[in-house]
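> For reference, the sequence and a predicted model appear below.
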Amino acid sequence: MRHTSTLVFCIALPFALSACAQPAQSPNAKPAAQTQATETGEMRIEAIVSDLEHPWSLALLPEGGFLVTERPGRLRRIAADGTLSAPIAGVPKVFAQGQGGLLDVVLDPDYANNKRIWLSFAEPGDGDTAGTAVATATLAASALSDVQVIYRQLPKLEGGNHFGSRIAFDGKGHVFISQGERNQRPLAQDLEVLQGKLVRLNIDGSQPADNPFASGVGVRKAIWSYGHRNMQGMAVDPRTGTLWQSEHGPRGGDEINLPQAGKNYGWPVITNGINYSGLKIPEAVGETKPGMEAPYHVWEKSPGLSGMDFYTGHTGSAWNNSLFLGALADRNLIRLTLDGDRIVSEERLLNDLGKRIRDVRVGADGNVYVLTDEDDGQLLRLVPPATSK
């Protein structure tokens, strides 16, 4: 943490080891709030809590405070004043290697009545294998109960990359689960496996009868769309109910999709990127191909997309009708201005912070809450400019 230096008037004493010293600081002291100029006015940045180990996802609790996942496998409750709880007991065992660990946390649509939460995580399998999984649980003050794994990515594979994963509800009794292709590119096109697929389930974990492959043979019936690389952001537009998904691409080719039933989003056959080595992706034929969906929006230079959320319904805010996305590689927060579904402009925030932004959530209070993915990660509150220009 950074603290304002304090000038100390020092008086020499016979037993003094030093002529001057700074007073001790409380380990829980918070950095002073900062301000940053933006395209729409001055934004205020407040640190709610620090000392989080690679926080991955954030949920805002209606009773006040927050839930935060830490990738090594801890779920924490954070009070509104920044008090950090001990790890909540009952979290499923996670595969905490590479990009794996405890991932998304979201509240059930009926959380106010059932206190149910949803967790996505890298689940260990036999040997050194793992796969994306989703569990539900009932949240109490310091422990989870009634933990049930309702989804498992099959087959489980070796390696520590490309687990995804986000959870989103469509408001019609369904849950969407994003995941990665586990860095095994051809699997994204194989409908017999779940890697590189967007999955749609009923909220009780059963298979919807109207899924696009529900009556297929030799396919996974939970699949909604396929040909995805590593989906680390997903949110439903509150204005329209449209599902948006962000995809962490290769070197170049980070993208946004609006995934539709049964559609093939092309990875690795079509892409705007190349391998991180600088070599062409072997399976790629170009940026488009008949029968495959080109990205809705693409970045030629990959920002390293992570969490995303919509900012809508705040007509007095300069940020109303925006889509926020975290950027890991570019170490900033992306704000896209929307006109309906059309992206009309892009602004980068938190550039001076220099931190990997892992998740972003919009509060009912009109503020934006951000997690930094660091050894000493933070939960930040961004207070937007009051009115639009």
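Received it, and whenever you're ready, just let me know what you need. Numbering: from 1, shown residues only.
> all strands of the stretch 201-350 of the chain, in order?
Ranges of strands in the stretch 201-350 of the chain, per DSSP state E, counting those that start in this stretch, are 223-226, 231-236, 243-247, 254-257, 297-299, 305-311, 322-327, 332-339, 342-349.
> And for the stretch 1-150 of the chain?
Using DSSP E, counting those that start in this stretch, the strands of the stretch 1-150 of the chain run over residues 34-38, 41-52, 55-60, 66-70, 74-78, 102-107, 116-124, 129-139, 144-152.
> Serialize the ones you listed to CSV and add fields for mean neighbour count.
C-beta here means a position set from N, CA and C on the backbone, and glycine is covered the same way. CSV is the format used below for these (neighbours: other Cβ atoms under 10 Å):
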stretch, mean neighbour count
strand 34-38, 13
strand 41-52, 17
strand 55-60, 23
strand 66-70, 24
strand 74-78, 21
strand 102-107, 24
strand 116-124, 24
strand 129-139, 23
strand 144-152, 15
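> What pLDDT does the model give Ala386?
Looking at Ala386, its pLDDT is 79.
> what about it, neighbour count?
Counted with other Cβ atoms under 10 Å, residues neighbouring Ala386 total 12.
> show me what contacts the nearest residue to Leu201 once chain neighbours are set aside?
Once flanking residues are discounted, Leu201 sits nearest to Val175: 5.4 Å by Cβ to Cβ, 6 or more residues apart in numbering. For Val175, the contact set (Cβ atoms under 8 Å, 6 or more residues apart in numbering) comprises 118, 167-169, 200-203.
> What residues are bridge-paired with Val175?
Beta-bridge pairing for Val175 (DSSP bridges): Phe169, Leu201.
> now it: how far from Ser120?
Using Cβ to Cβ, to the nearest Å, one gets 11 Å for the distance from Val175 to Ser120.
> Which neighbours do these two have in common?
The contact sets of Val175 and Ser120 overlap at Ile167 (Cβ under 8 Å, 6+ apart).
> Check which helices and strands the helix or strand of the chain with the lowest mean pLDDT sits against.
Least confident helix or strand, the chain: strand 34-38 with a mean of 93, by mean pLDDT, DSSP states H and E. If contacts are counted by 3 or more Cβ pairs under 8 Å, 6 or more residues apart in numbering; DSSP states H and E, strand 34-38 sits against strand 41-52, strand 342-349.
> Out of these, flag the one nearest Asp108.
Nearest to Asp108 among the helices and strands packed on strand 34-38 is strand 41-52; the distance by Cβ to Cβ comes to 23.7 Å.
> Show me what the closest one pairs with in its sheet, parallel or antiparallel.
Applying DSSP bridges, one finds strand 41-52 paired with strand 34-38 (antiparallel), strand 377-383 (antiparallel).
> what's the pLDDT at the residue nearest in space to the middle of the chain?
By Cα atoms, centre = their mean, the chain has its centre lying nearest to Gly307, at 2.9 Å. On pLDDT, Gly307 comes in at 98.
> show me the contacts for it.
Counted by Cβ under 8 Å, 6+ apart, Gly307 has contacts 57-58, 166, 232-233, 325-326, 357-361, 371.
> Generate a markdown table for those, with pLDDT as supplementary columns.
Converted to a markdown table, the contacts of Gly307 look like this (pLDDT from 0 to 100):
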| residue | pLDDT |
| --- | --- |
| Ser57 | 98 |
| Leu58 | 98 |
| Arg166 | 98 |
| Gln232 | 97 |
| Gly233 | 98 |
| Leu325 | 98 |
| Gly326 | 98 |
| Ile357 | 98 |
| Arg358 | 98 |
| Asp359 | 98 |
| Val360 | 98 |
| Arg361 | 98 |
| Leu371 | 98 |
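> Of those, which is the most crowded?
Gln232 (32 neighbours).
> quick one: which of the strands of the stretch 1-150 of the chain is nearest Leu353?
Closest to Leu353 of those, according to Cβ to Cβ: strand 41-52, at 7.7 Å.
> Quick one: residues in contact with the closest one.
1, 30-31, 33-37, 66, 68, 70, 76, 78, 82-84, 318, 349-350, 353, 369, 371, 376-387, 389.
> what phi and what psi does the backbone show at the closest residue to Lys156 other than its chain neighbours?
Leaving aside its sequence neighbours, Lys156 sits nearest to Gly125 (Cβ to Cβ, 6+ apart; 3.5 Å). Dihedral pair for Gly125: phi -120, psi -160, per degrees, to the nearest 10.
> Against Ala122, how distant is the nearest residue to Ser302 once chain neighbours are set aside?
Leaving aside its sequence neighbours, Ser302 sits nearest to Asp254 (Cβ to Cβ, 6+ apart; 4.2 Å). Noted for Asp254: a distance of 22 Å to Ala122, by Cβ to Cβ.
> before we move on, what about Ser142?
Taking Cβ to Cβ, one finds Ser142 at 24 Å from Ala122.
> What backbone torsions are found at Leu198?
Backbone dihedrals for Leu198, given as degrees, to the nearest 10, come out at phi -90, psi 130.
> List the residues that contact it.
Counting by Cβ under 8 Å, 6+ apart, Leu198 touches 176-179, 223-226, 228, 231, 245, 259.
> again with Gly101
Going by Cβ under 8 Å, 6+ apart, Gly101 touches 54, 56, 70-73, 94-95, 121-122.
> Tell me the pLDDT of it.
With respect to pLDDT, Gly101 has a value of 98.
> swap in Ser165?
At Ser165, the model reports a pLDDT of 96.
> what's near enough to touch it?
Counting by Cβ under 8 Å, 6+ apart, Ser165 touches 103-104, 120-121, 132, 134, 177-180, 231-232.
> Now render the residues you listed as CSV, adding distance to Ile334.
Formatted as CSV, the contacts of Ser165 follow (distance: Cβ to Cβ, whole Å):
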residue, distance to Ile334
Leu103, 20
Asp104, 19
Ser120, 22
Phe121, 26
Thr132, 24
Val134, 26
Ile177, 23
Ser178, 18
Gln179, 22
Gly180, 20
Met231, 16
Gln232, 13
